[in-house]
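Trainee: from the sequence below, what's the structure:
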Amino acid sequence: MIQEIKNRRSIRQFKNEPVPDETIKEIIKAAHFAPSGRGIRAWEFFVIKDNLTKKKIAEIGQQEFLARAPVLILPVVDKTKTNLAVQDLALASGYLFLAAQEQGLGTVWKNLNSEQAKMIKKLLEIPENFLAINIIPVGRPAKKIPPHQDKDFDEKIIHFR
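Mentor: Next comes the predicted model:
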C-alpha cells in the first residue's frame, strides 16, 4: 500500500483513452468503503463522460483540463443526513484516489468554491441538500511523474508525547 501512496501524483494531463465502466465502479466502491462519520455513508457519485457536459464543467471550474479528462467524478454528500459532510467527502475522495492509482489511473483534486459547486449541481440536476466540494478528473496519465521519495520525508513533523 505504501508504494501506491508514493506513486500517486496529481495528474492534469490524460491520454485520450476511455476508462471502462467496471473500473469506475471499482474505484467508487473503494470510496464507498472509506470511513464515514457514524458510518452513515451519505455520499453519492456522479460520473460524467459526456464531452459537452465536461466542457461546461471546465468553464464553470475555470480549468480547461477538466474538459480533456476521459471521466469526471463528482462526489456529493446529503447534508441532511450528516453533520460531517466535508470530512466524509475528503475521506471518500482520498480512497478513490488510491484505488484509481492501483488501477493505473491518474486523478487530481479540483476544488470547487460554493458558487462553482452550485452551478455544477444545477447543470447535473443535483438537489440542494447535497454538498459538493471537489470534482475528480480520472484517466490514464499522459506522462509518468516520478514517485515520492523516502528522502523527502522529514521525521521532524512527528511529535511523540
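
Trainee: in the chain, which spans are helices?
Mentor: Secondary structure of the chain (DSSP state H): helices located at 2-7, 21-32, 51-61, 65-68, 85-102, 114-123.

Trainee: other SSEs contacting the shortest one?
Mentor: Other helices and strands packing on helix 65-68, by 3 or more Cβ pairs under 8 Å, 6 or more residues apart in numbering; DSSP states H and E, are helix 51-61, strand 134-139. Heads up, the C-betas are built off the backbone N, CA and C, glycines and all.

Trainee: can you tell me which of those comes nearest to G39?
Mentor: Smallest distance to G39 across the helices and strands packed on helix 65-68 (Cβ to Cβ): 22.1 Å, for strand 134-139.

Trainee: so what pairs up with the spatially most central residue of the chain in the strands?
Mentor: By Cα atoms, centre = their mean, the chain has its centre lying nearest to I136, at 3.4 Å. I136 forms beta bridges with I73, as assigned by DSSP bridges.

Trainee: go on, F14?
Mentor: Going by DSSP bridges, F14 forms beta bridges with P141.

Trainee: any idea how far the closest residue to W109 other than its chain neighbours is from K143?
Mentor: Of all residues not flanking W109 in the chain, N134 sits nearest, at 5.3 Å (Cβ to Cβ, 6 or more residues apart in numbering). N134 sits 23 Å away from K143, going by Cβ to Cβ, to the nearest Å.

Trainee: next, the buried residues of stretch 3-18.
Mentor: 6-9, 11-12, 14 (16 or more other Cβ atoms under 10 Å).
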